[in-house]
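[1] For reference, the sequence and a predicted model appear below.
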Amino acid sequence: MLFSARFAAAAERLLCEHISTAGPADHAAWVTLLEILHRVGKREDFEALARRYAATFALPAAPAWGYPPRVAAPGAFVLEGSISSGEQLEDLVRHGATRTTCAVDMSRVDRIDFAFTPRLAEALRAMHQQGKRVILANIAELHAGLLESFGVEHALLLRRWKTETRLRAAVTGAWAPLRASNPAVAAAA
């Protein structure tokens, strides 16, 4: 929310503090901080955190500055830049009106304006209520968290940072403290 409200530095500080106390217990915080550092152009900080991330989650290599490439989403509506206007929303609604599955490629979204998020969430909810399957492909953890906080649980969020990364970490033992408290992690391991 802080990043979407144009408080990137505050979001960065909050996540750094959280990671220092939560450690590997909160994978989403690590990924979100990596995304923020990438979006604000702090390459050295990104690379340092990426090395810590790889070591913490026992990954064979640190994420590269370009981070995960987007997956192809044929026929998807492409959102890009800063999502903050009714025009972008109207285009999305028009696109979704002709489909039973409305796929939206979010790989080029830099930011979702905090003040605009309720309108976007309501449009996605309305599509779902019309019986449409809504898929947000290549969504950054940063944007997924924001939309989830506004109640967008009915859309399928295909995050850029694949869950295989978390599953691989669970198998290698980096998530051992979570296994006892989280049956899903235990089952994946």
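    Yep, it's here.

[2] Residue 50: what's it in contact with?
    Counting by Cβ atoms under 8 Å, 6 or more residues apart in numbering, residue 50 makes contact with 34, 62, 63, 64. Every residue, glycine included, has its C-beta placed from N, CA and C.

[3] Likewise for residue 95?
    Taking Cβ under 8 Å, 6+ apart, we find residue 95 in contact with 77, 102.

[4] Look up how far residue 29 lies from the residue minimising distance to the centre of the chain.
    In the chain, the centroid-proximal residue (Cα atoms, centre = their mean) is residue 141; its distance is 1.6 Å. Distance, residue 141 to residue 29, by Cβ to Cβ, to the nearest Å: 9 Å.

[5] try residue 93
    Taking Cβ to Cβ, one finds residue 93 at 33 Å from residue 29.

[6] repeat for residue 74
    32 Å.

[7] Please apply the same query to residue 45.
    Look at residue 45 and residue 29: by Cβ to Cβ, they are 15 Å apart.

[8] Lowest average confidence across helices and strands of this protein, where is it?
    Across the helices and strands of the chain, mean confidence by mean pLDDT, DSSP states H and E is lowest for helix 183-188: a mean of 28.

[9] How about the secondary structure of residue 136?
    Under DSSP: H, G, I helix; E, B strand; the rest coil, residue 136 falls in the strand class.

[10] Wait, it touches residue 159, no?
    No - applying Cβ atoms under 8 Å as the test, residue 136 and residue 159 come out as separate, 9.1 Å apart.
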